Structure formats: structure tokens, C-alpha cells
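Participant: coordinates for the following, if possible.
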Amino acid sequence: MTVKLITLKTNHTLLGDVTESADIVKIKQPVQVVSVPPSQQNPQGGIGFAPFLEFTEEWNTGIEVDLEDILTINTPVRELQNQYNTAFGIRS
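Facilitator: Numbers count the residues shown, from 1 in each chain. Purely as a prediction, here's the structure:
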């Protein structure tokens, strides 16, 4: 499993298990990374996950995104990767 952080040209930031080919990137179990504003329970705010296209058959097998629609592909910091792995029952 290769967990990557992908920013699309639409400014959506996705996190998921990524497989790259010549002109397509396949993202399994993608989630959108969203900022959580400060609240009384969490005065500092933080980051949360929102499932991305989870009601598609391809969510588990991999949603295909054209490489030309991607702005960046990066390795997430360990804390973010651990949160993703914990959410999906994967331990690293």
C-alpha cells in the first residue's frame, strides 16, 4: 500500500492508496482532507477526512484520475498517514 496525498487542480486534497501509470492515477479508498475549524471541544481545530465518491463501485478498487487533472502528488506526514491507516484498519 502506498498512501499518497494528491492535490487536484480543483483544489481538492485527497488521501488514499495510490497506483500511478503513464497518464492515470488510481486512488483506492480516497478521502478528502478537510480543515476542521476551532470549536469549544477542540480550540486549535485540526484536520478531518470526508469520504470522496464513496458511493461508487470504484471506491474500493480505485477511482481513476487523469494525470493532467493533478497538481501535486506527495508523501503525507507520518501523523496524517497513521490517521488514515487507523480509519481503515491498517497498521504501519
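
Participant: CA atoms for contacts and neighbours, from now on please.
Facilitator: Fine.

Participant: for the longest strand along the chain, packing partners?
Facilitator: Criterion DSSP state E: the longest strand present in the chain is strand 24-36. Here strand 24-36 touches strand 13-20, strand 46-51, helix 58-61, strand 63-66, going by 3 or more C-alpha pairs under 8 Å, 6 or more residues apart in numbering; DSSP states H and E.

Participant: could the ones you listed be laid out in TSV, adding mean neighbour count and distance to Pro37?
Facilitator: What follows is these, written out as TSV (neighbours: other C-alpha atoms under 10 Å; distance: least, C-alpha to C-alpha, whole Å):
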stretch	mean neighbour count	distance to Pro37
strand 13-20	20	17
strand 46-51	14	7
helix 58-61	15	27
strand 63-66	16	29
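
Participant: where among the ones you listed is average confidence lowest?
Facilitator: In terms of average pLDDT, strand 46-51 trails the rest of the helices and strands packed on strand 24-36, at a mean of 86.

Participant: cheers, nothing more for now.
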